[in-house]
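Undergrad: could you look at this predicted model? Sequence included:
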Amino acid sequence: MNYKIETFPKTRVATLDICSIGIQKHNVAALIEIDVSVSREKLKQQRHNTHPISFTAWLIKVISLTIKSHEAAAGYLLGKRKVLVFDDINVSLAIEKEVNGKKVPIPLIIEKANEISVESITEQIRDAKEKELTNKDIVLHTRANKLEGLYYSLPGFARRFFWKYLLRHPQLAFKKMGNVAITSVGMVGNVSGWFIPISVHPICFGISNIAKKPIVIDDKIEIREILNMTVLLDHDVIDGAPMARFLSDLSSNIEKGYGL
């Protein structure tokens, strides 16, 4: 019987800890289909611009602007009866990188995504993908330092205590990981349907692939480009009705190609 044993990359250790804490949150998963035919066509028309923008970058911008209009969606629970809402929308986006011959997810923090341009977001994502990384660059959410390096040497219960402590101190959590998480499997592979992420963020988006599907429009069947998206919302900070209004506005903004 032949086999081999491989050691987890350091970021995988942090992922396991996040999953352990994330499944304890009172999250609601909304699985939605969004017609992106109009927005995709508008993006195609901009391909020859001096500073072309990516669909993912534009999607981050629209998500950030919509959240800004529904700020409680990205609020942190403060104690048991308060919600801390930050002025800025800082987005944590998982970028797959190759480190020592293995592909690992590295978080990119896009600060003030609601204020900066789509071109700037596109550039940050491109630079993060192209930058060469070593073990010294693998961190929780910022560049490595002695304190963060110590994290990986701690036993599991101590590492999970760190995450619990972080979530009980929203200002520190926001500084380290932002208030919005986005995971896009469409950036790395072709996956049909939805996937439900696990996250410690107040709100998390699971972006799948775009697929052509028959949709009824004005009593006629048309082939449209449909994006499958999962939105994970913290029910401790936002109720069902505000959730529904947020999701409705988000779908509408994406479908009409907001800002393009």
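TA: It's in.

Undergrad: which residue ranges form the helices in the stretch 101-250 of the chain?
TA: 118-130, 146-151, 156-167, 170-177, 240-255 (DSSP state H, counting those that start in this stretch).

Undergrad: name the residues of the last one that come out as buried.
TA: Which is helix 240-255. For helix 240-255, a neighbour-count test (16 or more other C-beta atoms under 10 Å) marks 243, 246-247, 249-251, 253-255 as buried. Glycine gets a C-beta too; all of them are placed from N, C-alpha and C.

Undergrad: so which of those is the closest to Phe174?
TA: Phe246 (19.4 Å; C-beta to C-beta).

Undergrad: what about Lys82, distance to Asp234?
TA: 14 Å (C-beta to C-beta, to the nearest Å).

Undergrad: for Ile125, same thing?
TA: In terms of C-beta to C-beta, Ile125 sits 26 Å off from Asp234.

Undergrad: kindly report the same for Ala29.
TA: If you go by C-beta to C-beta, the gap between Ala29 and Asp234 works out to 11 Å.

Undergrad: please apply the same query to Val13.
TA: For Val13 relative to Asp234 (C-beta to C-beta), the value is 24 Å.

Undergrad: name the residue in the two with the higher neighbour count.
TA: Asp234 (24 against 16; other C-beta atoms under 10 Å).

Undergrad: now the more buried one: closest residue in space, sequence neighbours ignored.
TA: Closest residue to Asp234 apart from its sequence neighbours, by C-beta to C-beta, 6 or more residues apart in numbering: Pro202 at 5.0 Å.

Undergrad: which residues does the one you found contact?
TA: 73-77, 179-180, 233-234, 237 (C-beta atoms under 8 Å, 6 or more residues apart in numbering).

Undergrad: what's the answer for Tyr76, then?
TA: 83-86, 167, 170, 173-174, 179, 202, 237.

Undergrad: what sits against the residue nearest to it when sequence neighbours are not counted?
TA: Excluding its sequence neighbours, the residue lying closest to Tyr76 (C-beta to C-beta, 6+ apart) is Pro170, at 3.5 Å. Pro170 makes contact with 76-78, 84, according to C-beta under 8 Å, 6+ apart.

Undergrad: ok, Asp234 next?
TA: Counting by C-beta under 8 Å, 6+ apart, Asp234 touches 25-27, 77, 202-203.

Undergrad: among these, who's most crowded?
TA: Neighbour counts for the contacts of Asp234 (other C-beta under 10 Å) peak at Pro202, which has 32 neighbours.

Undergrad: residues near Lys212, how many?
TA: Number of residues near Lys212 (other C-beta under 10 Å) recorded here: 10.

Undergrad: what bridges to Phe180?
TA: Quick fix: residue 180 is Val, not Phe. Val91, Ile203 (DSSP bridges).

Undergrad: for stretch 246-260, the averaged confidence score.
TA: Averaging pLDDT along stretch 246-260 gives 94.

Undergrad: how about it as CSV, C-alpha atoms only?
TA: Output of stretch 246-260 as CSV, limited to C-alpha atoms (Å, rounded to 0.1, in the frame of the first residue of the first chain):
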residue,chain,number,x,y,z
PHE,A,246,-30.6,44.5,1.0
LEU,A,247,-30.7,41.4,-1.3
SER,A,248,-33.3,43.0,-3.5
ASP,A,249,-31.3,46.2,-3.9
LEU,A,250,-28.1,44.2,-4.5
SER,A,251,-29.7,42.0,-7.2
SER,A,252,-31.2,45.1,-8.9
ASN,A,253,-27.8,47.0,-8.8
ILE,A,254,-25.9,44.1,-10.3
GLU,A,255,-28.5,43.3,-13.0
LYS,A,256,-28.7,46.9,-14.3
GLY,A,257,-24.9,47.2,-14.4
TYR,A,258,-24.7,49.9,-11.7
GLY,A,259,-21.9,52.4,-12.3
LEU,A,260,-20.9,51.1,-15.7
